[in-house]
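Novice: requesting a structural model of the entry that follows:
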Amino acid sequence: LRRELTDAQWAGIARVAHDSGLLFFATVSNLRTLRLALDIGSDGLKVMSGDLTCFPIVGMIAAEGAVAGIPTMIDTGGGSLTEVDDAVAVATGAGVGTDLYQRNLVIHHCGIGYPATAESSRLPMIQSLRKRFAAPIGYSDHGERFGWCEIAVCLGARMIEKTITEDRDDDAGLDLFLAR
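Specialist: I've put the predicted structure just below:
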């Protein structure tokens, strides 16, 4: 079973998002996916939580995002505050600003595991991240319950990521069974 889209399909999704007035953000993990994201007009670049401590990738994504004038989002996953500190330091060293008005960096909190439970979502971490960083805080919802995004916003999240799909029965990926 093939679980990835072609470059043309990604370009089509970006085009539909833009035509619908939505922003298109891309999670990138290597030079090829970074180039593709930039070529199709991504409005932001996301470092996945698994790459939080892979500083060459964090730096590459942040530097290219800064040059393109688009935000870099750093997923926290199960990372510690020290690991997030280190990733933010790498990103700012690569030219990403943390000024709330500049909005070149978003610290993107996400829970651990699929589906995330109330405990593994670690929603109170949003408040810790807000106190620690001048950058906006986002939240990636990996839960099955409604209401967690609203709680995240009440705790200070300014960006929400939620997986969507046309067919929850499609066995094309881990996120789909959580999609709305």
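Novice: I'd like the next helix or strand past the worst-scoring helix or strand of the chain on mean pLDDT.
Specialist: None of the helices or strands of the chain scores lower by mean pLDDT, DSSP states H and E than helix 118-121, at a mean of 70. Downstream of helix 118-121, the first helix or strand assigned by DSSP states H and E is helix 125-132.
Novice: those strands in the chain, which residues are they?
Specialist: 25-28, 44-47, 72-75, 105-110, 137-141, 159-162 (DSSP state E).
Novice: mean pLDDT for the ones you listed: which is lowest?
Specialist: Ranked by mean pLDDT, these end with strand 159-162 at the bottom, a mean of 83.
Novice: list the buried residues for it?
Specialist: Applying a neighbour-count criterion of 16 or more other CB atoms under 10 Å, one finds 159, 161 buried in strand 159-162. For every residue, glycine as well, the C-beta is placed using N, CA and C.
Novice: give me the helices and strands touching it, please.
Specialist: Judged by 3 or more CB pairs under 8 Å, 6 or more residues apart in numbering; DSSP states H and E, the packing partners of strand 159-162 are strand 105-110, strand 137-141, helix 148-154.
Novice: residues touching the residue positioned nearest the centre of the chain, list them.
Specialist: Note on the chain: the residue nearest the mean C-alpha position is residue 46, at 4.5 Å, using CA atoms, centre = their mean. Contacts for residue 46 (CB atoms under 8 Å, 6 or more residues apart in numbering) come out as 25, 26, 27, 28, 72, 73, 74, 75, 108.
Novice: mark which of those residues are buried, thanks.
Specialist: If you count burial by 16+ other CB under 10 Å, the buried members of the contacts of residue 46 come out as 25, 26, 27, 28, 72, 73, 74, 75, 108.
Novice: list the single closest residue to the fifth one in space, sequence neighbours excluded.
Specialist: Looking back up the chat, that one is residue 72. Leaving out its chain neighbours, the residue that sits closest to residue 72 by CB to CB, 6 or more residues apart in numbering is residue 65, at 4.1 Å.
Novice: same question for the second one.
Specialist: In space, and not counting its chain neighbours, residue 26 is closest to residue 37: 3.7 Å by CB to CB, 6+ apart.
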